[in-house]
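Chemist: predicted coordinates and the sequence they were generated for:
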Amino acid sequence: MKPKHLFILLFSTLNCIGQSKNKEQIQKNLDEGKKLYQSEMASWYGTDIFLAKYPEREKIGGYFSYSDNEKSKCIFFSKEENPKVIGTITFDDSFNINKATTDLANRNFTKNELDYYTLRQNAKKALENDTLIKSYNNSKLNLIPLISKGERKVYILTGPNVNGVVLLGNDYLLNFDQNNKFLNRKALHKNLIPIQYKKEQTEVETMHNHQAETGDFITATDICTLMLYEKFTNWKNHIVLSKNYASIWNCKTNELNVIPAEEFTKQFDKKD
């Protein structure tokens, strides 16, 4: 084979490998973003339901949520050295609170629940003297443990304490080993990105940019946040623009389209 032909074959092979890795990363971000959304929805509505039915609040040690097949569960545990489950709120994929089931029986953690509990507690310990994690006024940090495809993680999102704003960024990923021991952590977006919204506005397109350290594509945390708040914002699309790609999230259908940044720029220029 001539050297020129060899170079062309090698370039084509590397290009295919690159495209394959990109697709894998995009799909992973999409899958994990939806799992984070399911966890947060279960926590949002599960907390309201549980507190309305459980009067002994001084006994509550905390809560976490996770997905179990087609169901999402919010687990509340007791405030003691060896805590037990004191409440289980279960949702189907509609998150219709009228379809949710409530179980206030005291019981031990299942093995899976014990892993989620341990992950969350170990994440809190890892953050005690951490100087990377930032806090902002009128916001709170939400810890979301995730066990998926052999990986154990805790994502940290920044949620607003006021209405009329969506907070993207100031999010973090903590990685753990198979024994739930803390390994490392990194910032996903370096800054907090507040975007104001008004309910009366419709067909709005919003956008934020990714620097190289955040990556080329929309993150799992971006997807989770958009899914949580799109029902309030009435946004049409949200675009995440990096140096190489534009990730276009359809807030009406929860579909993702990723195109080269150059192609997006041409489309954007035509609109003007």
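Modeler: Nice, thanks for sending it over. Residues are numbered from 1 along each chain as shown.
Chemist: what about this structure, any weak spots by pLDDT?
Modeler: Along the chain, segments meeting pLDDT under 70 span 1-18, 268-272.
Chemist: any chance you could map the helices in it?
Modeler: Taking DSSP state H as the criterion, the chain carries its helices at 3-53, 111-127, 220-233, 261-271.
Chemist: okay, these, which one's buried deepest?
Modeler: Across the helices of the chain, the average number of neighbours (mean count of other CB atoms under 10 Å) peaks for helix 220-233, which reaches a mean of 21. Just so you know, the C-beta spots here come from the backbone N, C-alpha and C atoms, and that holds for glycine as well.
Chemist: for that helix, the distance to its chain's centre please.
Modeler: Centre-to-centre, helix 220-233 and its host chain are 9 Å apart (CA atoms, centre = their mean, to the nearest Å).
Chemist: same deal with stretch 106-116?
Modeler: In terms of CA atoms, centre = their mean, the centre of stretch 106-116 is found 22 Å from the chain centre.
Chemist: so what's the closest residue to residue 151 other than its chain neighbours bridging to?
Modeler: Distance criterion CB to CB, 6 or more residues apart in numbering; nearest residue to residue 151, sequence neighbours excluded, is residue 175 at 7.7 Å. As for beta bridges, residue 175 partners with residue 153, residue 184 under DSSP bridges.
Chemist: quick one: neighbours of residue 175, just the number.
Modeler: The local packing of residue 175 (other CB atoms under 10 Å) involves 13 other residues.
Chemist: for residue 248, same thing?
Modeler: Residues near residue 248, counting by other CB under 10 Å, number 20.
Chemist: check contacts around it.
Modeler: With contacts defined as CB atoms under 8 Å, 6 or more residues apart in numbering, residue 248 is in contact with 237, 238, 239, 256, 257, 258, 259, 264.
Chemist: now residue 221: how far from residue 209?
Modeler: When distance is defined by CB to CB, to the nearest Å, residue 221 is 15 Å away from residue 209.
Chemist: again, but for residue 54
Modeler: Spatial separation of residue 54 from residue 209 under the definition CB to CB is 44 Å.
Chemist: more neighbours, these two?
Modeler: Under the neighbour definition other CB under 10 Å, residue 54 and residue 209 were set side by side, and residue 54 has more, 15 against 12.
Chemist: what's that one in contact with, if anything?
Modeler: 60, 76, 86, 87, 104.
Chemist: once you drop chain neighbours, what's closest to the second one?
Modeler: Which is residue 76. Taking CB to CB, 6+ apart as the measure, residue 76 lies nearest to residue 87, with 3.9 Å between them; neighbours along the chain are not counted.
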